[in-house]
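>>> show me the folded form of this:
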Amino acid sequence: MKKIFFACLLATAFAAQAESKWDLPSGYAANTFQTQNLEQFAKDVNASSAGKLVITVHPGASLFKQPEIKRAIQTGLVPMGEFIISGQSNENPLFGVDSIPFLATSYAEARKLYDAAKPVQEKVLAGQGLKLLYSVPWPGQSLYSVSAISGPEDLKGSKMRTYNPATTKIAQMLGAAPVTIQLPELGQALATGAAQNFLTSSASGADGKLYEQTKFFYPVNAWYPRNVVAVSQKAFDGLDKATQEAVLKAASAAETRGWQASEKNDADSLIVLQSNGMTIAQPSEALRKELKRIGETMTAEWLAAAGSDGKAIIDTYRK
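All right, here's what the predicted structure looks like:
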């Protein structure tokens, strides 16, 4: 009986050691396609690893706020997480290439830019102890407003919501007052007048019901910002080989699925916005010219800040 008892104890201890449970924080609501993709990724890992790695997704900034997630992974508070990579460009300009206005203005161009930037960004993240698993863009960033915008002069003096250094710079160049507001708090900020216009995707507008506070949408498709899912290299190295392969396989599938979902979500979200009373109108020629001017200026500034690695990304992208 004693032998059987100790054998059971050893089996239980081995099973506990073999199974890992990871938390995966995200700053985005559960109903977004990005979070739904995360949930499927977690399910795929669980299935492919035969339950040896169980990942629990924590959406809506319920575990950490969006700006805190990358740091939480680096410091070991969580083994992995999802964050918008351009939000980290204040620590390294190479993280902000996908938010250069009018550099990539279609999904095909956004994918080409990602392919050019990925090796460089992977290297930077690796130096910080992180491994990039996959990356998926939001639909093109377009202009929402509580009132009609006939030209750039209508944006001067207004309160423009920003969420990273690039959007802050755009607001400043347009003569608007930048107000840093994360997506989960945007609806309330609009309702109280803390923000009057902003750049974000059609998906964010539909998912967040931003049509309740804004009535005008201008599809400028300025850029396609990407979320990344990254894991602590230390945590990843702690997995056995088969489980590592399960994670990488699920990540590859999530990236392919996510890009397809993003494009479909863009089309579906525009229908939602319009059906809920938003006016969808093409930007005026004057506004287009001003945004293009801003884009050219910011591309040059980014290249100056990003150095040789940045130049290599742009050169590869433009081939």
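
>>> just the CA atoms of stretch 45-58, as PDB, please.
Extracted as PDB, the C-alpha positions of stretch 45-58 are listed here (Å, rounded to 0.1, in the frame of the first residue of the first chain):
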ATOM      1  CA  VAL A  45      -2.200  25.900 -27.600                       C
ATOM      2  CA  ASN A  46      -4.200  24.000 -25.100                       C
ATOM      3  CA  ALA A  47      -5.300  21.400 -27.700                       C
ATOM      4  CA  SER A  48      -1.900  21.100 -29.400                       C
ATOM      5  CA  SER A  49       0.000  20.700 -26.100                       C
ATOM      6  CA  ALA A  50      -2.600  18.200 -24.800                       C
ATOM      7  CA  GLY A  51      -3.300  20.500 -21.900                       C
ATOM      8  CA  LYS A  52       0.300  20.900 -20.800                       C
ATOM      9  CA  LEU A  53       0.100  24.700 -21.400                       C
ATOM     10  CA  VAL A  54      -3.200  26.400 -20.400                       C
ATOM     11  CA  ILE A  55      -3.400  30.100 -21.400                       C
ATOM     12  CA  THR A  56      -6.100  32.300 -19.900                       C
ATOM     13  CA  VAL A  57      -6.800  35.500 -21.800                       C
ATOM     14  CA  HIS A  58      -7.600  38.600 -19.700                       C
END
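
>>> which residues touch the nearest residue to residue 283 once chain neighbours are set aside?
Spatial nearest neighbour of residue 283, chain neighbours left out: residue 218 (4.5 Å); criterion: C-beta to C-beta, 6 or more residues apart in numbering. Heads up, the C-betas are built off the backbone N, CA and C, glycines and all. Residue 218 makes contact with 142, 143, 144, 145, 149, 280, 281, 282, 283, 287, according to C-beta atoms under 8 Å, 6 or more residues apart in numbering.

>>> can you give me the strands in the stretch 1-150 of the chain?
Ranges of strands in the stretch 1-150 of the chain, per DSSP state E, counting those that start in this stretch, are 20-25, 53-58, 80-84, 130-137, 142-145.

>>> could you dump these to JSON lines with distance to residue 303, mean pLDDT and mean neighbour count?
Formatted as JSON lines, the entries for those read as follows, by distance: least, C-beta to C-beta, whole Å; pLDDT from 0 to 100; neighbours: other C-beta atoms under 10 Å:
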{"stretch": "strand 20-25", "distance to residue 303": "33", "mean pLDDT": "97", "mean neighbour count": "19"}
{"stretch": "strand 53-58", "distance to residue 303": "37", "mean pLDDT": "98", "mean neighbour count": "19"}
{"stretch": "strand 80-84", "distance to residue 303": "22", "mean pLDDT": "97", "mean neighbour count": "26"}
{"stretch": "strand 130-137", "distance to residue 303": "21", "mean pLDDT": "98", "mean neighbour count": "22"}
{"stretch": "strand 142-145", "distance to residue 303": "25", "mean pLDDT": "96", "mean neighbour count": "23"}
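
>>> output these in a markdown table; the columns should cover distance to residue 189.
What follows is the strands of the stretch 1-150 of the chain, written out as a markdown table (distance: least, C-beta to C-beta, whole Å):
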| stretch | distance to residue 189 |
| --- | --- |
| strand 20-25 | 22 |
| strand 53-58 | 23 |
| strand 80-84 | 18 |
| strand 130-137 | 24 |
| strand 142-145 | 12 |
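
>>> among the ones you listed, which comes closest to residue 120?
The closest approach between residue 120 and any of the strands of the stretch 1-150 of the chain, judged by C-beta to C-beta, belongs to strand 130-137 at 10.9 Å.

>>> the closest one to strand 80-84, inter-axis angle?
Calculated by axes from the mean of the first three to the mean of the last three C-alpha atoms, to 10 degrees, strand 130-137 forms an angle of 50 degrees with strand 80-84.

>>> tell me how far the residue nearest the centre of the chain lies from residue 312.
Ranked by distance to the mean C-alpha position of the chain (C-alpha atoms, centre = their mean), the top residue is residue 227 at 2.4 Å. Using C-beta to C-beta, to the nearest Å, one gets 24 Å for the distance from residue 227 to residue 312.
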